[in-house]
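1. Next comes the sequence, and after it the predicted model I'd like to discuss.
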Amino acid sequence: MKRIGVFICWCGSNIAGTVDIDKVAAAAGTMNGVVYVDQNKYTCSEIGQAMIKDAIKEYKLDRVVIAACSPRMHENTFRKTVESAGLNPYYLEIANIREQCSWVHKDKEAGTAKAISLIRTAVAKAAMNEALFAVEMPITRRALVIGGGIAGIQAALDIADTGFEVDLVEREPSLGGRMAQLDKTFPTLDCSACILTPKMVDVAQHEKIRLFTYAEVEKVEGYLGNFTVTIRHRARSVDLQKCTGCGECLAKCPAKVASEFEEGLVQRRAIYTPFPQAVPNKPAIDRAHCRFFTTGKCKVCQKVCPADAIDYEMEDRLLTNGYGAIVVATGFDTHKLNDYGEYAYGKHPDVLTSLEFERLLNASGPTGGKILRPSDGKAPKTVAFIQCVGSRDKAKGNSYCAKICCMYTAKHAILLSEKVPGSKAFVFYIDVRTAGKDYEEFYTRAYEECGASYIKGNVSKVFPEGEKLLVRGVDVLSGALVELLVDMVVLAVSVDARADAKELAKKLAVTVNEHKFFTEAHPKLRPVDTQTAGIFLAGVCQGPKDIPETVAQASAAAVKVAAIFSKQSLLSNPTVAEVEQKLCSGDMSCMAVCPYGAISEQVVEERRGREMVTRKIARVNVALCQGCGACTVACRPGAINLKGFTNQQILAEVDAICL
Amino acid sequence: MAAVIGWRKKDFWWQSPVVFLEDPAAAHRLVWDPFTVYSPVKFLLEWQASCAAKVGIFVKGCDSRGINRLLQDKRLERERVVVYGVPCGGKADAEKIRASFPAKGIKDVTLLGEQLVLTVGDREVRVAAEAYLLDKCLTCRHPNPVVYDKLLWEEVLPRQRADESRFARVQAVASLATEERFFYWQRQFERCIRCFACRNTCPACNCRVCIFDQAEPRWLGKANDPADTLNYHIIRAFHVAGRCFECGECERICPAGVPLQELNRKLIKDINEAYGDYEAGLDATDQPPLGTYRGEDPAGFDES
């Protein structure tokens, strides 16, 4: 008979408020194998843990049940507690009577009954708990950073600076991401490119960083310390070794398409480098628009290339590498404005998105940094900025706040007043949110020094009125209808998760929220971790944030990676699957469902009558097994068992809760 | 070949059970008549476990999918089996015949094309076969063997309207209110005597050690407890989910008349709706939907 100790936690009033602890303790005392019951206001406190240790010694306990919060919270804490008292850490069992009981119930009587039931279940399982032991596993000390915007750049540089190898994968032909598109940055008005491009160059020159542009993650396998990632190196059609970046081809290419980098305001060629400071500053052929690839004739770029770098035969290459950790920094898309016909975007050339306006401000942009109306090339004297287009709009857009629009609009208003003397900005807003160091002062500067008028209210319609645009809205503070004749309208478009974020999430086995932003492991305490160990998040792919926050998160992710790499080895999870030979039919259903490739076939010899015969059965590689248990469900004869969660243990739990 | 597995005639006109023949001289004992309905496939497991020699086997369309089932489950060595495919126009239901003709008078029943020829006393009666076929044969989509080394004769045409009636019973049960549906299944399972005939005949139930036969952990209580019977049927249905190839032997063989095929087809219907149409047992190398993961698979808990 086992000697089980049950420790019931009040969790202050969190549990004790809805569960009658004395009643539960009395009931626990009558359960099979329980020889000791105690309670504590905070079991996780040092006093609480000391009580457990003392009780284990005094009452010779060999199994411990702690009825408290979710095992996700403190299972590790308590495992260490029982271990320090001389027990195997896996002799511990947690009954979750907080998240699964007291927090979700109001009725104390029902809550008490449920707590007893949960403890009876845990006691039944604990009696069958066996000692389990971890083994040491090696770590691949190379990190993968997905996304070459400011988040990915910062994470890669920080990891590389700690001395570990980094591969940086960027989908576009150049590093830079969204920040490269920006003109100035709030609240200091630094030139975005001036602070970004040196970092891009640092990445390219860092001896610990391998840069893969025009490449995408194809497949991810493995686990913390030992991921195997297949990367698709898309056919650039330009040999990066030979190309000198002279740009001859860019000038001669006859095929033109809207430039993504310039937000479609101007056209680029089919062979292109996205922007002048691109890293690597070497072009790629956009095969979907290249005349040779679409019609079979042209080859102008090949003719003019002095370095013989054009290679139309180039094919996508799939290369597989091992990594110990992954940082996801895939950024965002701007919100599509299909549902906002009232703002005349797409119908009138002088209605722009904020990112398009950003390009007009930029010295390397289509207007050379002059703010000019796309319709007639004149400088606008009056500009209406409409906030929250697609944000804070449950009906048509995103329910969340895109966080950056208030600040960049203040920046736009300031820059407008500087670039077009005598001009006037009108900003329609719901709320102005300026939480951040020096942000409020920056916003104040926009309306005090630069003359921007802030109008609290929504715009109902924008339509052309002669050469101008009529903006009709309401000023909710005075209740008056507002009609403004302006020269230009700028829409503060919301921030969306990448359209393909979910696909990447599936490849990485991480989760996304309802808006397709990657989910952090804990919103407060583990904001850069994902639920998948060894995969971290940086930047807007996790949720809207500005550049300072993005950079901070990227550095945080880098530290997380470095912390893993600085360990000698990782301890394996001992709760792995094992196969019982005599039950295994060898149909390998388990192998088909194993997400970690941890199951393979092995030949075993068996006695059949008087002869020895061989047959194939399943074998678990304990270094690869992550203990997810998918195999145990797929196995019809129940031949595969997850240690710590064996079929016997689970059936004992079911019996305890049902009978 | 050390033996061949086929069917022989037993004492009565409705009995054509499976037979192992080891002596070529006894080949004349093999029969093919309206009652060779029993699946011979499961016997291959016992043969292979006890003997290293090759064996021949006669299979109907449904039986042949059982061969694929065993191959896909890695329970059969294909090179140790010679498969004789027998295109099949459907098997007769002795109950339906008995209901129309005095059982004592019937001496012999044969199938000639679409006609059933009965020898009743001294006279010969010819009737349209369709009314006397087994229900399961009326919904058969693959009367011709899908895997064989030798086909005995020309392929037959699949029965028309087989598709229409395939899920008719499933839909009828599904249309019941939740409570009625529970009572319906309670009534069905009450009759079950847990003889495990359904499991024993099913080629998809081919584990070396069935969980229902294991003593520890005790998945299923031995006492006649309705909860355990319910458990048995739910587990059995889920164990063949995505693997059942609709031979219908489980239901036909059930001495208590439990409509097992309704459970099997419910799961087939659900799988088709969730993952696209899939028929088990047609190809031993395909990827069964419940044993594979694709990025576009629906995830019910994630509707975003």
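-> In hand now; what should we look at?
2. Worst mean pLDDT across the helices and strands of chain B, which element?
-> strand B:106-112 (a mean of 86; mean pLDDT, DSSP states H and E).
3. Please name the strands paired to that strand in the sheet, noting orientation.
-> strand B:115-120 (antiparallel) (DSSP bridges).
4. just to revisit the earlier point, which positions within the least confident helix or strand of chain B qualify as buried?
-> The neighbour-count check on strand B:106-112 (16 or more other C-beta atoms under 10 Å in any protein chain shown) flags B:I106, B:V109, B:L111 as buried. C-betas here are computed from N, CA, C, even on glycine.
5. same deal with stretch A:206-225?
-> Result for stretch A:206-225 [16+ other C-beta under 10 Å]: buried residues A:206, A:208-217, A:220-225.
6. Arrange the buried residues of strand B:106-112 in CSV, one row each, with distance to A:L470 as further columns.
-> Below are the buried residues of strand B:106-112 laid out as CSV (distance: C-beta to C-beta, whole Å):
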residue, distance to A:L470
B:I106, 94
B:V109, 90
B:L111, 85
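7. which helices and strands sit right next to the helix or strand harbouring A:G111?
-> If you go by DSSP states H and E, A:G111 is part of helix A:108-126. Using 3 or more C-beta pairs under 8 Å, 6 or more residues apart in numbering or on different chains; DSSP states H and E as the contact test, the elements touching helix A:108-126 are strand A:4-9, helix A:21-29, strand A:63-68, strand A:92-96, helix A:647-658.
8. can you give me the angle the shortest one makes with strand A:63-68?
-> Pointing back at strand A:92-96 there. 20 degrees (axes from the mean of the first three to the mean of the last three C-alpha atoms, to 10 degrees).
9. what do you get for the longest one?
-> Computed by the same axes, to 10 degrees, the angle separating helix A:647-658 from strand A:63-68 equals 50 degrees.
10. The one residue in the stretch 51-200 of chain B that gets nearest to chain A: how many residues sit nearby?
-> Nearest residue of the stretch 51-200 of chain B to chain A: B:D73, at 4.1 Å (C-beta to the nearest C-beta). Per other C-beta atoms under 10 Å in any protein chain shown, the neighbour tally for B:D73 reads 20.
11. which strand residues sit across from B:A128 in the sheet?
-> Per DSSP bridges, residues listed as beta-bridge partners of B:A128: B:Q115.
12. Tell me, how many residues neighbour it?
-> B:A128: 10 neighbours (other C-beta under 10 Å).
13. show me where chain B has helices.
-> B:43-50, B:61-72, B:94-100, B:135-138, B:168-174, B:178-190, B:197-201, B:226-239, B:249-253, B:260-275 (DSSP state H).
14. for those helices, which one ends up most surrounded?
-> helix B:61-72 (a mean of 25; mean count of other C-beta atoms under 10 Å in any protein chain shown).
15. leaving aside the residues next to it on the chain, what's closest to A:A623?
-> A:M137 (5.5 Å; C-beta to C-beta, 6 or more residues apart in numbering or on different chains).
16. what's the pLDDT at that neighbour?
-> pLDDT for A:M137: 86.
17. do the same with B:W13
-> 89.
18. That one and chain A, how far apart?
-> 39 Å (C-beta to the nearest C-beta, to the nearest Å).
19. how many neighbours does that residue have?
-> 21.
20. mind listing what residue 82 touches?
-> In the absence of a named chain, chain A is used. A:I52, A:I56, A:V64, A:N88, A:P89, A:Y91, A:L92 (C-beta atoms under 8 Å, 6 or more residues apart in numbering or on different chains).
21. ah, no, chain B please
-> B:M1, B:K54, B:V55, B:G56, B:I57, B:D149, B:K150.
22. Just want the angle from the helix holding A:G111 to helix A:647-658.
-> 160 degrees.
23. Give me the sheet partners of the next helix or strand after helix A:108-126 and which way each runs.
-> Toward the C-terminus, helix A:108-126 is succeeded by strand A:136-137 as the next helix or strand (DSSP H and E). According to DSSP bridges, strand A:136-137 forms sheet pairs with strand A:570-571 (antiparallel).
24. Return the distance of the partner strand from the chain's centre.
-> 24 Å (C-alpha atoms, centre = their mean, to the nearest Å).
25. I would like the residues contacting that strand, please.
-> So strand A:570-571 is contacted by A:A134, A:V135, A:E136, A:M137, A:P138, A:I139, A:L224, A:G225, A:I564 (C-beta under 8 Å, 6+ apart).
26. Quick check: the farthest pair among those?
-> A:V135 and A:I564 (17.4 Å; C-beta to C-beta).
27. and the two? which has more neighbours close in?
-> Taking other C-beta under 10 Å, A:V135 and A:I564 do not tie; A:I564 has more neighbours (20 against 13).
28. Contact residues of the stretch 101-250 of chain B facing chain A?
-> B:N206, B:C207, B:R208, B:V209, B:C210, B:I211, B:Q214, B:E216, B:P217, B:R218, B:W219, B:H239 (C-beta under 8 Å from any C-beta of the partner chain).
29. quick one on the thing from earlier: so which of the helices and strands packed on helix A:108-126 is nearest chain B?
-> helix A:647-658 (4.5 Å).
30. Who are the contact partners of A:T77?
-> A:C44, A:Q49.
31. my guess is it is in a helix, correct?
-> Yes. Looking at A:T77 with DSSP: H, G, I helix; E, B strand; the rest coil, it is inside a helix.
32. gap between A:E578 and A:I640?
-> Separation of A:E578 from A:I640 (C-beta to C-beta, to the nearest Å) stands at 7 Å.
33. shared neighbours, these two?
-> Contacts common to A:E578 and A:I640, judged by C-beta under 8 Å, 6+ apart, are A:V620.
34. Comparing these two, which shows the higher neighbour count?
-> A:I640 (25 against 15).
35. measure the more buried one to A:T197 for me?
-> 54 Å.
36. swap in B:A284?
-> The value you get for B:A284 to A:T197, if C-beta to C-beta is used, is 59 Å.
37. Which pLDDT does the model give the residue in the stretch 101-250 of chain B that chain A sits nearest to?
-> Closest contact between the stretch 101-250 of chain B and chain A, by C-beta to the nearest C-beta, is at B:C207 (4.0 Å). B:C207 carries a pLDDT value of 94.
38. Check B:G295 too.
-> pLDDT, B:G295: 68.
39. residues from chain A in reach of chain B?
-> A:502-503, A:506-507, A:512-516, A:582-589, A:592-593, A:595, A:608, A:616, A:634, A:636-639, A:647-648, A:651.
40. Find the nearest non-adjacent residue to A:R608, please.
-> B:A49 (7.3 Å).
41. what's the pLDDT at that neighbour?
-> 82.
42. Does it touch A:E606 like I think?
-> No. Counting by C-beta atoms under 8 Å, B:A49 does not reach A:E606; the two are 11.0 Å apart.
43. Show me which residues of stretch A:352-364 are buried.
-> A:L352, A:T353, A:S354, A:L355, A:E356, A:F357, A:E358, A:R359, A:L360, A:L361, A:N362.
44. and what of stretch A:510-527?
-> Buried-residue list, stretch A:510-527, by 16+ other C-beta under 10 Å: A:V510, A:T511, A:V512, A:K516, A:F517, A:F518, A:T519, A:E520, A:A521, A:P527.
45. which stretches of the stretch 101-250 of chain B aren't confidently modelled?
-> B:103 (pLDDT under 70).
46. Skip the chain neighbours and tell me the closest residue to A:K208.
-> A:A160 is the one closest to A:K208 (C-beta to C-beta, 6+ apart), at 3.8 Å.
47. and that neighbour, that one's in a helix?
-> Yes. A:A160 sits within a helix when classified using three-state DSSP.
48. Per-residue pLDDT of it, please?
-> Reading off the model, A:A160 has pLDDT 98.
49. cool, and B:F301?
-> 59.
50. how many other residues sit next to the closest residue in space to A:I153 that isn't next to it in sequence?
-> Of all residues beyond its chain neighbours, the one nearest A:I153 is A:K199 (5.1 Å), with distances taken as C-beta to C-beta, 6+ apart. For A:K199, the count of nearby residues is 19 (other C-beta under 10 Å).
51. now do A:K336
-> Residues near A:K336, counting by other C-beta under 10 Å: 13.
52. Reduced to three states, what does it come out as?
-> Judged by three-state DSSP, the three-state class of A:K336 is coil.
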